[in-house]
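[1] show me how the following folds:
(one chain, ligands or ions: 2)
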Amino acid sequence: MTAAPREPLEAALLEAIAGLTAAAAADPDAPVAPGLAGRRALELFDDQATSRALDLAARWLRGQGAGFYTIGSSGHEGNAAVAAALRPTDPALLHYRSGAFYVTRARQVPGHDPVRDVLLGMLAAAAEPIAGGRHKVFGHAGLAVIPQTSTIASHLPRALGVAFTVGRSRKLAAPIAWPADSVVVCSFGDASANHSTAAGAINTACHVAHQHLPLPLLLVCEDNGLGISVRTPKGWIAAAYGSRAGLRYLAADGTDLAGAYAAASELAAWVRSEQRPAFLHLRTVRFLGHAGTDVETAYRSGDEIRRDYGLDPLLGTARLLVERGVATPEEVLERYEVVRRSVLDAAAELVGSPTLTTAAEVMAPLAPRRPDAVAAVATATPSGDRSAWFAGTLPEAEGPLTLAQAINRALSDLLLTHPGLLVFGEDVAAKGGVYGVTRGLLKRAGAARVFDTVLDEQSILGLALGAGVSGLVPVPEIQYLAYLHNAEDQLRGEAATLSFFSNGQYRNPLVVRIAGYGYQKGFGGHFHNDDAIGVLRDVPGLVVASPARPGDAAAMLRTCVAAAAVDGSVCVFLEPIALYHTQDLHEPGDGGWLEPYPPLDHHVPIGEPRAYGGGDDLLIVTWGNGLHLSLRVARRLAAEAVHCRVLDLRWLAPLPMARVAEEALRTGRVLVVDETRRTGGVAEGVLAGLVDAGYGGAMARVASKDSLIPLGDAALTVLVSEDEIEAAARALLARG
Ligand SMILES: Cc1ncc(C[n+]2csc(CCOP(=O)(O)OP(=O)(O)O)c2C)c(N)n1
Ligand SMILES: [Mg+2]
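    Numbers count the residues shown, from 1 in each chain. Ligands and ions are numbered 1, 2, ... in the order given. Here you go, the predicted structure:
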């Protein structure tokens, strides 16, 4: 391998340091800034130089075809001061330019080697400590550094959630993963500060603080004035965040280690003692372009780029050390060279580290499933006094229940069983939900565990992500399926990826209840009857439960909560609104849809469908409202001696394909009844799955139209109807 080239940036730095004037030697234990001894400042210089050298190594490795990542931290090394002002147990969700923070944090804990950690990340090495070669990111389970995705600002809702959980932990009987006096630190760039995800999370932080609820959150905006090539207007970050109600703001110069340390220390101590959010505006520069591939001169003049060399944080720290007599210019230069050499040597040694080589290795941490352990938890007898909890009438003694009632009783039992379970969302507490599903839970479990949130689905899911990664079992509610869509990345991009990108070391146990689907009588319009779930079907590892019957709903909710607690599963629990209060199946007053509360030792394993009827003439595969429609059609056909078997999938991800294929082979005719859209609907998966399974019999589908849902009875023109199901069934039967 060729030697790493000297960057012009380095030449400028070395020359500037050499030009500093030495002062009389001072006691290294004397402070160079309040609370910062000279000796400590020297260590922080090493950390900053280490981070810089890692950027050089990244470019060098890339140039040799060995490395895969060149977004660096050069110019941002002032963030070492933020790490120095915090405890190594304070949960950190870091910007991708927080390399010096990471180095300083790692060196606060004996036995860590941040250089090796970061280099292994660049090399996509399987031994990399957080993502195991799946992603280049700052993260370490032993350092409370939670890894981030590449989606800028998407980590702020989770950071909000972690801070909320820390603040709430004193009121909960369940332990959390962090000390109760933690400060949660979350850093991001200046352009990212404008993203609606950031703006929403910061707004929610202010909203929480305004209510005097504890929220120990330190936001750090690393402001280099650029988002790739786009300039942040001068003064914008201060204008946007400098005077927000409930958010304390301090600005610091990232070139000035002493000043940055003083500001970070003041805010960290304040956030810790006051349990209120603060915003540290850390002004930085950005060296070496946005990434190794970015030709910065296309949008910045050479003069401007060179002018920034004077604002190099390493030069700032060198000046502090030299002026205070902690080191001579020669000693600083020597330290720089030692650090540089050791990092580049380590890089050369690590080239060729084993990488992931099989799909099985890659996918191992995606969604671990231990069904036996899940079953044990799902069917455990609730601890605590159920009789007192339910005020005398146990759900199993209530007689037949509706879907809404069954979910309500199950949530109640689960709140009793799992002290770390939280129920929250819009209108879930005092009102008990738009459809009464969470009615009474606030009174039973208390306001610390059942609470209304701000009207922002990204924040609702962010609170859940934060609670989950902190060791609780969040059960948030999204009021209507249509309103998941504006926050969906928190589920798809964040919750469902954490286990993968942390090699299973961090998890996001989560059961998000979503009321959805069409067929609501007398109430409607698209946004309350949305039936589009394609966006959930392709998220790797996501569990999608969709019960139709009351007994199933209670039992499946037990499973989802247990899977979240045991395996860290990310579960979506899709509830058909139109069936919430349905009582009858075939005739008015028959009560055919109601079911008793299932025995406590009963649950439904993930992926297990439910069969109705033993007919061999036709298999109808369906779920949700489609089950109600299909069972009615099946009865009409039975009157003509056509015997159907109706299979309720119950789980839409993973689809129970083995069982579907087995039942299909028995009948030789399959009709999939899909109440969601034709495109992206579940039927696509079922029919393709049957082909994959080698099924060669007849098959067909009916699905709702690729339409939005109109108001009133016109909705029925685009939703699957009993007539369509019956016609399709007859057509299949006619094929012989
Ligand atoms: C949601 C999203 N949109 C776009 C991108 C592509 N992108 C990556 S970094 C970046 C600029 C971020 O600028 P800033 O927040 O100021 O951070 P900096 O790189 O300057 O430190 C963009 C647009 C992304 N990663 N995520
Ligand atoms: Mg920027």
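
[2] for the longest helix anywhere in the chain, buried residues please.
    If you go by DSSP state H, the chain has its longest helix at helix 38-63. Judged by neighbour count (16 or more other CB atoms under 10 Å), helix 38-63 contains these buried residues: 38, 40-42, 44-62. Heads up, the C-betas are built off the backbone N, CA and C, glycines and all.

[3] who does that helix touch, helix- and strand-wise?
    strand 31-33, helix 80-84, helix 99-107, helix 114-122, helix 257-274, helix 313-323, helix 329-350 (3 or more CB pairs under 8 Å, 6 or more residues apart in numbering; DSSP states H and E).

[4] same question for the fifth one, mean pLDDT?
    Pointing back at helix 257-274 there. Helix 257-274 shows a mean pLDDT of 98 in the predicted model.

[5] then the third one?
    Summarised as a single mean, pLDDT over helix 99-107 is 98.

[6] what's the answer for the longest one, then?
    Per-residue pLDDT over helix 329-350 has a mean of 98.

[7] over to stretch 707-727?
    94.

[8] can you list the residues that contact it?
    518-519, 524-526, 529-531, 620, 626, 629-630, 632-633, 636-637, 671, 673-675, 677, 702-705 (CB atoms under 8 Å, 6 or more residues apart in numbering).

[9] from the chain's centroid, how far away is it?
    35 Å (CA atoms, centre = their mean, to the nearest Å).

[10] next: stretch 414-433.
    Relative to the chain's own centre, stretch 414-433 is displaced by 20 Å; criterion: CA atoms, centre = their mean.

[11] and the end-to-end length of it?
    From its first residue to its last, stretch 414-433 covers 17 Å (CA to CA, to the nearest Å).

[12] tell me how far whichever residue of the stretch 101-250 of the chain sits closest to ligand 1 lies from Glu587.
    Nearest residue of the stretch 101-250 of the chain to ligand 1 (CB to the nearest ligand atom) works out as Gly189 at 2.1 Å. Per CB to CB, to the nearest Å, Gly189 is found 63 Å from Glu587.

[13] these two: who's more crowded?
    Gly189 (26 against 8; other CB atoms under 10 Å).

[14] once you drop chain neighbours, what's closest to Gly139?
    Pro147 (3.0 Å; CB to CB, 6 or more residues apart in numbering).

[15] okay, now that neighbour: neighbour count?
    25.

[16] help me confirm that it comes into contact with Val137.
    Yes - here Pro147 reaches Val137: they are 4.4 Å apart, a contact under CB atoms under 8 Å.

[17] joint contacts of those two?
    Common neighbours of Pro147 and Val137 (criterion: CB under 8 Å, 6+ apart): Ile130, Ala131, Phe501.

[18] quick check: the last one vs ligand 1, distance?
    In this structure, Phe501 and ligand 1 are 14 Å apart, going by CB to the nearest ligand atom, to the nearest Å.

[19] what are the phi and psi values for that residue?
    With angles defined as degrees, to the nearest 10, Phe501 sits at phi -80, psi 0.

[20] how about the closest residue in space to Pro157 that isn't next to it in sequence, secondary structure?
    Sequence neighbours aside, Gly462 is the residue nearest to Pro157 in space, at 2.2 Å (criterion: CB to CB, 6+ apart). For Gly462, the secondary structure call by DSSP: H, G, I helix; E, B strand; the rest coil comes out as helix.

[21] residue contacts, Gly462?
    Neighbouring residues of Gly462 by CB under 8 Å, 6+ apart: Leu156, Pro157, Arg158, Ala159, Leu160, Gly161, Ala201, Thr204, Gln490.

[22] before we move on, what about Ala378?
    Ala378 makes contact with Ala555, Arg558, Thr559, Val561, Ala562, Ala563, His603, according to CB under 8 Å, 6+ apart.
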